[in-house]
Every structure is written in structure tokens, then in C-alpha cells.
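>>> Quick one: sequence plus predicted model below, questions after.
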Amino acid sequence: MSLRVYNTLTREKELFEPVHPGRVGIYLCGPTVYKPPHIGHMVGPVIFDAIKRYLKYKGYEVMWVVNITDVEDKLIDASVKLNVPVEELASRYTHEYMECLSLLGVDGIDRFPKASEHIQEIIEMCTTLIEKDHAYAAEGNVYFDVSRDADYGKLSNRKVEQQESGLREVESSGKRNPSDFVLWKAAKPGEPTWDSPWGKGRPGWHIECSAMSMKYLGRTFDMHGGGMDLLFPHHENELAQSESTTDQPFARFWMHNGLTRIRTKSKSGEWADEKMSGSIGNVVSARDLIDRHGADMLRYFLLSTHYRRPIEFTDEALANARKGLAVFQRLFERLERITSKPFPTEGTDIERAAATMMETEQGPLVRSIIGFKMKFLEMMDDDFNTAGAIAVMHEMAGEINSFIEKNRIDREKQPEMIEAAMAATMTLRNIGGILGLFRQSAARPQAVESGLTDQLMKLLIQLRADARQQKNFAMADAVRKGLSEIGITLEDRPEGTIWRRE
Ligand SMILES: [Zn+2]
């Protein structure tokens, strides 16, 4: 099976072949750390984390770099407004960003270079561009000369006349053309500055990403990712200045993820989609969402939409995702009841079981699960279609459930049937692992999420059991009802009462 990836540069799905055989380099534009991370900041990392896991599954060695923009206009503005030094603000929000990544299971990022630690590389790049006559210095600033780059606009398909980038920088002095963009900015009072051949100053935003990506991944690397909103001017400028510096192709595949959108009701009562961004004021804090919905569920939600499509943030969509994920959790629980053991984190995959089972009564299940696994891999090979891959996982769960029901499998008998159901479910769990799902104890993620919650729940379940024993049914019902109001369901089973979040 061969992997095809949509390339914004060519507007086509292309066969993926890495620059260096067996190795893949990925660069994803990271956050400007001037405010707490919102859910939009997590979309790219979650998607590329799944992409990296899949590439590793396919046998590639992957190097993934996400930058931290800690020198930028917005950060400096926020620092002035809050009267907090730039470094302190940047370090606070970098910490929060990392914390959210770690909660969401994004653990594949190999390097987090900071702009402030790569000033030397940035100055060298500016110097080269000036030497090659692709850039010019004026009044302490350095600008990229767009008129010298015949290719300019090839990524975003814009003509120079359509650009607005220059208009927002009216204060920039010495610019030859409005569409030229800044590589180095002359110092302003109160801003962080560094010495340079053009006097004290600081880098512009676009060049930071070029310098850091090429430093860690080489002049030409495989994948460059970011949100759709970065396509222009940020990525167009990155591409222009990088290729003008090296005379070599910069990123082979440009990959853009859809933006998070929130549905809002207008005054006239109509629903409208809005892009979610820091400025609109409808931003949902990543940390709040993780606390409210659980990290595994949020990860599942983000991967349930194909990465190039916008992610619609509505209560309904979140509720659907919760229901979707619960299907798998219930299946794992079902196997736990049948085997009277916690569902293992590792076990025999269906292919290994196939050798002994293919010619038995379990043969049809084995064949169909192998077929579903192939379909899952085909989905991932088709431009990392995680939404399609998750749909296949649901088909698989349905197949396993009906196998259990049809054969009336229970804990006492049919060890071969149980073994087949286990191997099928293990396969499901393993392919979910390629997407980074089911990281926590599969059946009861809530117990692992917080030891304290689990202890409190045990205490409440015991109190309710005591109340019932004393025939205080009003009290027992009040406990169940109260928990239900906060979204917790109790389920009485022969082996005891368990709880789950709705
Ligand atoms: Zn960038």
C-alpha cells in the first residue's frame, strides 16, 4: 500500500516518498505564546501526532519539530498591556501549551526550538538574502524584495497585486514596495532586542520558522504543516525566503489543517459558523475543554474529522463524539466481564491468531477483522483520513459485538470463542493506538484520569450500598440522581457497582 498525501503546493494528492529513504522530517508551525492555548492550537499537534504514529507504524524514522514563537508583535503587545516581562509571559504560556499537549497524548514532538534561541541563524539568513540581492536593509530594518522572486505566490496562488501584507505595516520605514515583508525589525523602545549588522533589532515572524526548520530538518524536508490561516502570508513568505536563500526546494509537502469553527446564533436567531480565533472572543480554552470532556475524548473528537476540513465545535458534535468513543469502551468492558480480567494493554493481534483459527468456527470473524484492518490502513494511506479510519473501527466493533451475541459467549465456556473475540478486540485497540487513542486503561479512563475521583466515587458507591442495606431507599436514590445530574451513571452488576461518565 502506498501513502498519498494532499499537497497544497500542487493542489493534488501525491505519492509520498521521503527526501531521504526511510526518514521523514516534519515541521509544524507552533504557537505564539502570548495567551493561554485555545483548542485551535491543539488541532495541528493532535493531527500530526497521529500522522507521526502512522509513519512510524509504516517503518519510517520520524523527526518532528514544532517551534515556539517567543519573539513576536502580539507577545510584545501583551507584555506591555499586562506589565509582565516578555520572557516571563512566554515561559508561562509555553508551560501551559506543553501541559495541554501532554494531557492530549501528543508525545511525538522531538524538538521545540524557540525563536529567541536562534537569532544567530536568522541573522545569517538575512545576510545571505541581502548578498544575493533578495533582500535590502533600510533604516535598521531588513525587507524581503518580493519583486526579485518570480515564484512568489505559488503556494497560496496569489498575485503580488492581491497582497495586503504591506498595508498592515504602514509604520515600516524604508520599504520599496508595499508587498515586501520584513525579515528584521529595527529596535523600538521597550522591546527585546539583539545586536545585528543593521543595528539593534529583532527578527520578523516569518523568518523565524525558516531558520529553525532548516536548522533541524535540512534545506529540503518532507512535510510542513500549519492551519489554513497560515497559508498566506506566513507560509508563502517562509517558502519565498527559504528557497531564495538555498536555491533548493524547501518543504516537499505543504499540509494545511482546517480551522476550528464554533456555531453561534446571530441576533436574528440564525446559526452561523465562525472561525475560532483569539480575536473573535469565542475561544474555547484547551485546558477547560480537557477538564470538561477528558483528554481521550477530545483527541477522538479532533480526529473524527478529516484534517483538511473545518472542525465544527458544537455541543451536539461533542455529544456524538462521546457516544462514539463509548462504543469502544463498552466493548472493552464487555471483554473484561467475559474474561474477569482487566483488558490488557498488549496482546495477540488477529494475524497471529489467524494461523490457528482460520479453519475453525472462528474463521469468518478472523477474516473479517483482517479485512477491516486493511481498510483502516487504506484510509490512513489516503491522505491520513482519520475520520474514515475511525468509521472502520466502528464497523469492527459492530462485528465483534455481533460475534459475541451470536455465539452467546460468556465467561464459563467456549475458550476458543473468547480467544477469537479477544484477538479481534485487541486488534481494534492496537489500530486505535496508531491514532493515539485508548491511551488510558481502556475500559475505565476516568479511574486513571484522577485517582482522587476514583476514590471519591468508591466512597459514594459504598454509601449508597449502605443506605440500601438499611432500606433507606430515598437516600440511595438521591445519590444516584445527584450523580446523574453531574453526568455520572451508576451501573449495578453482579460483581458490584461501576460508574462512568455519560
Ligand atoms: Zn511558522
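That came in fine, so what should we check first?

>>> Flag every residue of the stretch 401-502 of the chain that's near the ion.
Within the stretch 401-502 of the chain, no position is near the ion by Cβ under 5 Å from the ion. The C-beta positions use only the backbone N, C-alpha and C, and glycine is treated the same way.

>>> cool, the chain as well?
Proximity of the chain to the ion is confined to 29, 209 under the rule Cβ under 5 Å from the ion.

>>> hey, which helix is longest across the chain?
helix 315-339 (DSSP state H).

>>> And the average pLDDT for it is what?
Mean per-residue pLDDT for helix 315-339: 93.

>>> By neighbour count, which bits of that helix are buried? Give me those.
Along helix 315-339, these residues count as buried under the neighbour rule (16 or more other Cβ atoms under 10 Å): 318, 321-322, 324-325, 328-329, 331-336, 338.

>>> And it, what does it pack against?
helix 295-303, helix 386-406, helix 415-434, strand 496-501 (3 or more Cβ pairs under 8 Å, 6 or more residues apart in numbering; DSSP states H and E).

>>> what does the second one contact?
Spelled out, it's helix 386-406. Helix 386-406 has contacts (Cβ atoms under 8 Å, 6 or more residues apart in numbering) with 47, 50, 300, 303-307, 324, 327-328, 331, 334, 338, 365, 368-369, 372-373, 375-376, 379-380, 382, 409, 420-421, 424-425, 427-428, 431-432, 435.

>>> What are the buried residues along that helix?
For helix 386-406, by 16+ other Cβ under 10 Å, it's 386, 388-393, 396-397, 399-401, 403-404.

>>> rewinding a little: so which of the helices and strands packed on helix 315-339 comes closest to Tyr57?
Nearest to Tyr57, of all the helices and strands packed on helix 315-339, is helix 415-434, at 5.3 Å by Cβ to Cβ.

>>> tell me the angle that closest one makes with helix 295-303.
For helix 415-434 against helix 295-303, the angle by axes from the mean of the first three to the mean of the last three Cα atoms, to 10 degrees is 70 degrees.

>>> Average pLDDT for helix 415-434, rounded please.
For helix 415-434, the per-residue pLDDT averages 94.

>>> For that helix, name the packing helices and strands.
Counting contacts by 3+ Cβ pairs under 8 Å, 6+ apart, helix 415-434 is packed against helix 39-57, helix 315-339, helix 350-357, helix 363-381, helix 386-406.

>>> Not counting residues beside it along the chain, what's closest to the residue in the stretch 151-300 of the chain that the ion sits nearest to?
Closest approach of the stretch 151-300 of the chain to the ion (Cβ to the ion) occurs at Cys209, with a separation of 3.1 Å. Among residues not flanking Cys209 along the chain, Glu238 sits closest, at 5.2 Å (Cβ to Cβ, 6 or more residues apart in numbering).

>>> In JSON lines: the helices and strands packed on helix 315-339, plus distance to Leu103.
Output for these, formatted as JSON lines (distance: least, Cβ to Cβ, whole Å):
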{"stretch": "helix 295-303", "distance to Leu103": "5"}
{"stretch": "helix 386-406", "distance to Leu103": "19"}
{"stretch": "helix 415-434", "distance to Leu103": "17"}
{"stretch": "strand 496-501", "distance to Leu103": "16"}
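
>>> what does the longest helix of the chain contact?
Contacts for helix 315-339 (Cβ under 8 Å, 6+ apart): 293, 296-297, 300-301, 304, 342-343, 390, 393-394, 397, 400-401, 404, 409-411, 418, 421-422, 425, 428-429, 432, 437-438, 442-445, 493, 495, 498, 500, 502.

>>> Give me the neighbour count for Thr220.
Thr220: 17 surrounding residues under other Cβ atoms under 10 Å.

>>> Tell me where the model's unsure across the stretch 251-400 of the chain.
Across the stretch 251-400 of the chain, the ranges flagged by pLDDT under 70 are 263-283.

>>> one more time with 90
259-285, 288-289, 291-293, 311-316, 337, 339-342, 344-361 (pLDDT under 90).

>>> what's the helix or strand for Glu87?
helix 86-103 (DSSP states H and E).

>>> helices and strands around that helix, which ones?
In this structure, helix 86-103 packs against helix 39-57, helix 73-82, helix 286-293, with contacts taken as 3+ Cβ pairs under 8 Å, 6+ apart.

>>> Contacts for the helix or strand hosting the residue nearest to Cys209 next, please.
If you go by DSSP H and E, Glu238 is part of helix 236-246. Identification of contacts with helix 236-246 by Cβ under 8 Å, 6+ apart yields 125, 128-129, 132, 134-135, 144, 146, 148-149, 151-156, 158, 165, 181, 183, 206-207, 209-210, 213-214, 219-220, 224, 249-251, 254.

>>> Please identify the buried residues of stretch 109-123?
109, 113-116, 118-119, 121-123.

>>> ok, those residues vs the ion, which is closest?
Comparing those against the ion with Cβ to the ion places Ala115 closest, at 9.8 Å.

>>> Give me the local confidence score for that closest one.
Reported pLDDT for Ala115: 95.

>>> got the contact list for the closest residue to it other than its chain neighbours?
The shortest distance from Ala115 to any non-neighbouring residue, by Cβ to Cβ, 6+ apart, is to Glu208 (4.1 Å). By Cβ under 8 Å, 6+ apart, Glu208 lies in contact with 67, 69, 71-72, 115, 118, 122.

>>> Now tabulate these in a markdown table and tack on secondary structure.
A markdown table is the format used below for the contacts of Glu208 (DSSP: H, G, I helix; E, B strand; the rest coil):
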| residue | secondary structure |
| --- | --- |
| Asn67 | coil |
| Thr69 | strand |
| Val71 | coil |
| Glu72 | coil |
| Ala115 | helix |
| His118 | coil |
| Ile122 | helix |
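
>>> Let me know the closest of those residues to Arg92.
Thr69 (14.6 Å).

>>> Show the backbone phi and psi for the closest residue in space to that closest one that isn't next to it in sequence.
Using Cβ to Cβ, 6+ apart and skipping residues adjacent in sequence, the residue nearest Thr69 is Thr32, 4.2 Å away. The phi/psi pair for Thr32 (degrees, to the nearest 10) reads phi -90, psi 120.

>>> on that earlier part again, specify the angle between the helix or strand the residue of the stretch 151-300 of the chain closest to the ion falls within and helix 73-82 in degrees.
Using DSSP H and E, the element containing Cys209 is helix 205-217. If you take the same axes, to 10 degrees, helix 205-217 sits at 120 degrees to helix 73-82.

>>> For the residue of the stretch 1-150 of the chain at minimum distance from the ion, list the residues it contacts.
Nearest residue of the stretch 1-150 of the chain to the ion, counting by Cβ to the ion: Cys29, 3.2 Å away. Residues in contact with Cys29, defined by Cβ under 8 Å, 6+ apart, are 44, 66-67, 209, 225-227, 230, 234-235.
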